[in-house]
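1. what follows is a predicted protein model with its sequence.
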Amino acid sequence: MIPQGSGFTFLAETATSTETENFSLCTAISMKTTATTTHFACLLRVLCALLCSVMAGVNATGSAEKPVPPAVSLSRNYTRLAQIGADTFAMEIAVRTFTPTTGKGATITLISAVHIGSKAYYTRLQELLDAQTLVFVEGIAGDPPATQEEDSGGSDLYDRLAEASGLVSQAEAIEYDREHFKNADLSLGAMREILQAEIDGGGKGGAAAKEALSLLNETAGMLKGKGGFATLVMSAFAGMMQSNPQLRTLFLYKVSMAELTMTEHDNASAFSSLTSTPGLRRLERLLLIDRNAAVMNALKKELARANAPSDIGVFYGAAHMRDMEKTLVRQMGYKLVKTEWLTAYTIHPKASKLPGPIIAVISRSAAKISPPAESHRPAQATK
């Protein structure tokens, strides 16, 4: 997720005018202060979910909850940027394990992910996923494509962004053909129905839903290679990154900071500052809160079964996890017992020959996010 105000500007504001001249390619595609940035970010978020779609499905229903006092603290975030060497900064992603406070019941592991990373990172994620008895996976299922060419358009585009960054995409690296994987996500059709019902209701809510539906449909078109201007921008940007190590490093840094912005706050309270219109805010709630509710309901249904699995994983993007943790801890009677940090990718600002002021900004960003004492850093997964 790339919030408004931090889109592809790549810290040009932190450097002097002389230094920023070296980044004409970056500033040429700047979308910093308008709704275009958030619009583009929303398209990327839906696209990521669509690209991670799998064929499995499950009906979601509610079950009894065990409320606990809301004062129970939550993890600060599920991503962090850590300096692990003189010129090495790691984008780290948390995997957190929870057990019932009563001591009886299934172990729940929130396996958070980013949509691009190193092969070693996804290998470790696959190991964690395959070790679970049941895994609820992210993926906005939609109507099957009419042709193979139609199916490959958006996937090729997103894979190209990952490849241009020197990484791989989640959709390409993770093997989803596992019998114990279940998709409890909202389908594209269900999301459209939710918004259409609000449109039919009229008023301000209906107007916001209409804008959100337009954005949702636009992104679905991107997946089929029909995304118009947004698809063109993504293609051009990937091409520039492939031949420009400075741009690659800046892109990955901004992705890291954008993910951190979304995961260190309560998502519900962050919408107003990260989006600029009612329609964009409604789309964010749909993509995060509404979809989280669907998978949490499916989890509750599974736990209510007489023969419930002893361990269940929830495999979603990192931006979803703090809200899911809130449900586990404050509604379902769970407590955090373990955190493992995985390195999704690393960046090397000096080796990329970035200007000094920009390197200083990256260093300060990492320093503000000091690794907590809750866990050691596992073996690094680099490019």
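-> Happy to help now that I have it.

2. helices or strands up against the longest helix anywhere in the chain?
-> With DSSP state H setting the assignment, residue counts place helix 203-223 as the longest helix in the chain. Under the contact criterion of 3 or more CB pairs under 8 Å, 6 or more residues apart in numbering; DSSP states H and E, helix 203-223 touches helix 35-51, helix 148-164, helix 188-201, helix 228-242, helix 278-285. In this view, the C-beta of every residue, glycine as well, is placed from N, C-alpha and C.

3. where among those helices is average confidence lowest?
-> Between the helices and strands packed on helix 203-223, the one with the least mean pLDDT is helix 35-51; it has a mean of 49.

4. next secondary structure element downstream of it?
-> Following helix 35-51 in sequence order, the next helix or strand is strand 79-85 (DSSP states H and E).

5. buried set for the next helix or strand after that next one?
-> Note on strand 79-85: by DSSP H and E, the next helix or strand toward the C-terminus is strand 88-100. Buried residues in strand 88-100, defined by neighbour count with 16 or more other CB atoms under 10 Å: 88-100.

6. in CSV, list the residues you listed along with pLDDT and distance to residue 130.
-> Putting the buried residues of strand 88-100 into CSV (pLDDT from 0 to 100; distance: CB to CB, whole Å) gives the following:
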residue, pLDDT, distance to residue 130
88, 94, 29
89, 95, 29
90, 95, 24
91, 94, 23
92, 95, 22
93, 95, 18
94, 95, 19
95, 97, 14
96, 97, 18
97, 97, 16
98, 98, 20
99, 97, 21
100, 97, 24
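
7. who's in contact with residue 256?
-> When contacts are counted by CB atoms under 8 Å, 6 or more residues apart in numbering, residue 256 is found next to 79, 81, 89, 91, 347.

8. what's the farthest-apart pair in those residues?
-> For the contacts of residue 256, the farthest-apart pair by CB to CB is 79 and 347; their separation is 13.9 Å.

9. give me the common contacts of these two.
-> Common neighbours of residue 79 and residue 347 are listed as 91, 256 (criterion: CB under 8 Å, 6+ apart).

10. and stretch 321-335, what's buried?
-> When neighbours are counted by 16+ other CB under 10 Å, the buried residues of stretch 321-335 are found to be 321-330, 332-334.

11. swap that for stretch 332-348, sorry
-> The neighbour-count criterion (16+ other CB under 10 Å) identifies 332-334, 336, 339-348 as the buried residues of stretch 332-348.

12. C-alpha coordinates for it, PDB please?
-> The C-alpha atoms that make up stretch 332-348 are tabulated as PDB, following Å, rounded to 0.1, in the frame of the first residue of the first chain:
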ATOM      1  CA  MET A 332     -11.600 -14.300  20.900                       C
ATOM      2  CA  GLY A 333      -9.500 -14.600  24.100                       C
ATOM      3  CA  TYR A 334      -6.100 -15.200  22.500                       C
ATOM      4  CA  LYS A 335      -2.600 -14.000  23.600                       C
ATOM      5  CA  LEU A 336       0.600 -13.400  21.700                       C
ATOM      6  CA  VAL A 337       3.300 -16.100  22.500                       C
ATOM      7  CA  LYS A 338       5.800 -15.800  19.700                       C
ATOM      8  CA  THR A 339       7.100 -13.500  17.000                       C
ATOM      9  CA  GLU A 340       9.500 -14.300  14.200                       C
ATOM     10  CA  TRP A 341      10.800 -11.600  11.800                       C
ATOM     11  CA  LEU A 342      11.600 -12.600   8.200                       C
ATOM     12  CA  THR A 343      13.600 -10.500   5.800                       C
ATOM     13  CA  ALA A 344      11.600 -10.000   2.700                       C
ATOM     14  CA  TYR A 345      14.400  -8.100   0.800                       C
ATOM     15  CA  THR A 346      17.400  -5.900   1.400                       C
ATOM     16  CA  ILE A 347      18.400  -2.500   0.000                       C
ATOM     17  CA  HIS A 348      21.900  -1.100  -0.300                       C
END
